[in-house]
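>>> need a structure here:
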Amino acid sequence: MMFTLFRRKSNSFLKCRFHHLRFYSATPSRYASGSTTAIWKGVASAIRDEVADGKLIFDPLQQQAAKKLTRVQSTLELYNHSTFRQQLQHVEEHHKQQQLQQQKQQLQQQRLKDDTTQSNTELNTNEEPPSISIQVPRGFYIHGPVGTGKSMMLNVFYEHAPTHKKRRLHFHSFLQEIHQRIHILNKQLLDEHGRSYHVDTDKSRNPIIRIAQQVSEEVTLLCIDEFQVTDIADAMILNQFFGELWRQGVIVAATSNRPPDALYEGGLNREYFLPFIDLMKKYCVVHHLIDRNNNLGDTDKTGVDYRRVRSGVKADESNNHGDYFHLTTNGKNGEHASQELDRLFLQYQETHPTTTTEQPIQLQVNFKRTMAVHRSHSDIIARFTFEELCTTELGSSDYSAIANHFQIVMLENIPHLNLKYPDRARRFITLIDELYEAECCLVCSAVDVPDRLFIGNSSEEDSGTDSDKSTPANDDVSPDGTMLAVDVAQSRGTALSSLASVRELSFAFRRAASRVLEMSSKSWWDEKL
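Down below sits the predicted model:
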């Protein structure tokens, strides 16, 4: 008997939000890194209890994944990360001493060219070099269709992981923090050493490596939700960062919609990213959350989307939408949608009176930036148009600031999204990810239901106000109507460096639609507010 997601997080997780600069710990007295006497509950057992309580429902596919996660927990319980890093440090120090002795020997031989001096400077080969006796447990990488419970299982694994040195972040937040820490370190090095410091390419001076070493001191377990790679700069950072992280003995657990071999697929200079994929498969157990006995050709569409179950919208009923999702298809619907948003905004103004002025709220964003919110009420509700948030130069840090400040976010006039203008679609998807991660409630008005907001081919009636729209050639469209990413990039003049990001959109669309349905459902609102 087993389970599946009928709500996203356990009770303890519902009480907190995962801000990307906060450190979340279990009680040290209960969990100790490397302790063999720690009290912990396996993922399979924890979810079985949730099923018994009626909070989750049975799913045999999750049962298989939960058993594997429980085995990862058992190896983590016996792992002493601190001792591993000490042994690693001794090995590296010994190696450095050996190198210095070799260099000294070679230098003396060059100067004196005397065989009699060689015996005085030979290396002590009888000395037994230090070694690493601790085996690092493998982490876990679970991928599969949207809404099938990957994030839920990662949350349960994180909650019951037998170590107090752990962090759990969404991938967007993780990247924000890494970029910010690199920026701070580079500024510090520039102030201390000047620009000449960066001329030396020694590994010890690489800011990415140094940040990874800092993180390895802070955590034994790093959990990352919605792992994805869409940018050449991020691909190179991840390659170096995780390479050092794994070398330092950190255990990584991650979820994704894509298998490791498909990460950054079609990206510029992807060959430089391939070593990361090999390391991922070496250091993580890779599990595909699908029914291998199904008869469907597209494995990305198999499995039950439990966000749809929760919202009451089945995949084959795409005409339905969430309780707080309003259509603007024609004039009458558009007027009704606007009135509904006005009514709801006014309702929260009246039920949550404040003495604040009508001045815009200034939200703090990364890198000492601020963002003005012109229509909001206290920290309860904020109102935006699609154009405000998704057609301007905003990113995940801006959306995170909104999501972590307001409980309800209203988004008006969402158009159709297509691969002709990938930046708009990408920003919308990132916005939805950040709102979902912060457990915000969502109110929307849009031209179509979530399942039909994301379209592969673009036409005159599609999104935006640009006047240079044109229908793509038939060669640009796959048999299922989805534009091929390579053809889009070539025919629309998209930079090759953005190719992987364009390709990833077709998969991210499904996740975003699923999350919009859940966040705009009455069941979600009743639970979160």
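
>>> give me the contact list for the helix or strand harbouring Ala254.
Element membership for Ala254, per DSSP states H and E: strand 251-256. Defining contact as CB atoms under 8 Å, 6 or more residues apart in numbering, one finds that strand 251-256 is touched by 69, 72, 76, 79, 136-143, 150-151, 153-154, 157-158, 220-228, 242, 245-246, 263, 283-284. All C-beta atoms are positioned from the backbone trio N, CA, C, and that covers glycine.

>>> buried residues in whatever helix or strand Arg85 lives in?
Assessed by DSSP H and E, Arg85 sits inside helix 81-112. Under the neighbour-count criterion of 16 or more other CB atoms under 10 Å, helix 81-112 has His81, Phe84, Arg85, Gln87, Leu88, Gln105 buried.

>>> list the contacts of the most centrally placed residue in the chain.
Central residue of the chain (CA atoms, centre = their mean): Phe171, 1.9 Å from the mean position. Residues in contact with Phe171 (CB under 8 Å, 6+ apart) are Ile224, Asp225, Glu226, Phe227, Gln228.

>>> count of neighbours near the first one?
Looking back up the chat, that one is Ile224. 22 (other CB atoms under 10 Å).

>>> correct me if wrong, but it is in a strand.
Yes. Looking at Ile224 with DSSP: H, G, I helix; E, B strand; the rest coil, it is inside a strand.

>>> what angle sits between the strand holding Ala254 and helix 81-112?
Counting by axes from the mean of the first three to the mean of the last three CA atoms, to 10 degrees, strand 251-256 points 110 degrees away from the direction of helix 81-112.

>>> quick one: strands adjacent to strand 251-256?
strand 139-143 (parallel), strand 221-225 (parallel) (DSSP bridges).

>>> and those as JSON lines, adding distance to Ile408 and mean pLDDT?
What follows is the strands paired with strand 251-256, written out as JSON lines (distance: least, CB to CB, whole Å; pLDDT from 0 to 100):
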{"stretch": "strand 139-143", "distance to Ile408": "31", "mean pLDDT": "97"}
{"stretch": "strand 221-225", "distance to Ile408": "23", "mean pLDDT": "97"}
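
>>> may I see the ones you listed organised as a markdown table, with distance to Ile209 added?
Listed next are those as a markdown table, based on distance: least, CB to CB, whole Å:
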| stretch | distance to Ile209 |
| --- | --- |
| strand 139-143 | 20 |
| strand 221-225 | 16 |
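
>>> between those, which one is nearest to Gly322?
The minimum distance between Gly322 and the strands paired with strand 251-256 falls on strand 221-225, with 22.2 Å, by CB to CB.

>>> show me where the stretch 301-450 of the chain has its strands.
325-327, 361-365, 369-373, 376-377, 381-385, 408-414, 441-446 (DSSP state E, counting those that start in this stretch).

>>> contacts for the last one?
Yep, that's strand 441-446 we're talking about. By CB under 8 Å, 6+ apart, strand 441-446 touches 322, 324-328, 334, 337-338, 340-341, 344, 407-415, 435, 453, 516, 519-520, 524-525, 528-529.

>>> counting neighbours, which bits of stretch 208-227 end up buried?
Buried residues in stretch 208-227 (16+ other CB under 10 Å): 208-213, 215-216, 219-227.

>>> and the end-to-end length of it?
19 Å (CA to CA, to the nearest Å).

>>> what does stretch 133-143 give?
32 Å.

>>> that stretch: which residues count as buried?
Buried-residue list, stretch 133-143, by 16+ other CB under 10 Å: Ile134, Val136, Pro137, Arg138, Gly139, Phe140, Tyr141, Ile142, His143.

>>> looking at those residues, which is nearest Ser204?
For those, the nearest to Ser204 is Val136 (22.4 Å; CB to CB).

>>> ok, the closest residue to the closest one other than its chain neighbours - contacts?
The shortest distance from Val136 to any non-neighbouring residue, by CB to CB, 6 or more residues apart in numbering, is to Gly249 (4.9 Å). By CB under 8 Å, 6+ apart, the residues touching Gly249 are His81, Phe84, Arg85, Leu88, Ile134, Val136, Ser216, Thr220.

>>> quick check: which element contains Gly249?
With DSSP H and E as criterion, Gly249 is part of no helix or strand.

>>> need phi/psi at it.
Gly249 has phi and psi values of phi 90, psi 20 when expressed as degrees, to the nearest 10.

>>> ok, it to Phe140 distance?
Distance, Gly249 to Phe140, by CB to CB, to the nearest Å: 16 Å.

>>> follow-up on the earlier one: pull out the buried residues from the contacts of strand 441-446.
Buried subset of these (neighbour count, 16+ other CB under 10 Å): 322, 324-328, 334, 337, 341, 344, 407-415, 435, 453, 516, 519-520, 524-525.
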